[in-house]
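Q: could you work out the structure for the sequence below:
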Amino acid sequence: MIEKLKEIYGLQSVVIAKPAHGGSAEITINKLLSFMLVDSSTEDLAKSLGIGRTTLYRMFSRLNIRLVPGVPVNKYCSYLAGYKKCSKCENLLSLSKFGYDRHNRTYDKHSSACLVCSNSIQNVYRSSEAYSVMYHKHYNNRAHVYKTGAANYRAAKLQQYRLLGQI
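A: Next comes the predicted model:
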């Protein structure tokens, strides 16, 4: 199973963490993946690897993964390889198929639904009657702002062109 994951995801058997106390127990991708395939918590993973929880968090931060307490560790396995499961269509897709938001509070900073599902959900909402009513109500309440703003912009641009001698 580990070899298949390494082959599919292109992972190499490199050392990703060394113990701070100078011991010989290096943690490689092989060892990490073999423990990550089990559905366990971060505390269980740290114990099974023989390292502290802080060391585990630092190790994952070197891999650009922010561990979230309460999330099973096997969720990170596909992320290490650059894949994620869509919450709507439940397909395993590459991370480039998901919207990225650096302020997102998830462990990988990507949205939970893929772009295709997000767009279809958004299109359904925008074609609904509730959205149409809300949009027109908002526009009608602020129409004077939009119109005066556009007029002011045009006047400022005209003044700018006159100063530059283009008109």
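Q: tell me how far Ile51 lies from Tyr139.
A: Distance, Ile51 to Tyr139, using Cβ to Cβ, to the nearest Å: 58 Å. Just so you know, the C-beta spots here come from the backbone N, C-alpha and C atoms, and that holds for glycine as well.
Q: quick one: average pLDDT of the longest helix along the chain?
A: Secondary structure of the chain read by DSSP state H shows that its longest helix is helix 129-164. The average pLDDT for helix 129-164 rounds to 88.
Q: got it, and stretch 85-101?
A: 87.
Q: and for stretch 117-124?
A: So the average pLDDT for stretch 117-124 ends up being 93.
Q: contacts for that stretch?
A: If you take Cβ atoms under 8 Å, 6 or more residues apart in numbering as the criterion, stretch 117-124 is touched by 86, 88-89, 99, 111, 113.
Q: circling back: pull out the buried residues from the longest helix of the chain.
A: Of all the residues in helix 129-164, not one is buried under the rule 16 or more other Cβ atoms under 10 Å.
Q: tally of neighbours for the residue nearest to Lys109 when sequence neighbours are not counted?
A: Residue nearest to Lys109 in three dimensions, not counting chain neighbours: Arg102, with 5.7 Å by Cβ to Cβ, 6 or more residues apart in numbering. Arg102 has 5 neighbours, counted by other Cβ atoms under 10 Å.
Q: narrow the contacts of stretch 117-124 to those that are buried.
A: So, by 16+ other Cβ under 10 Å, the buried ones in the contacts of stretch 117-124 are 86, 111, 113.
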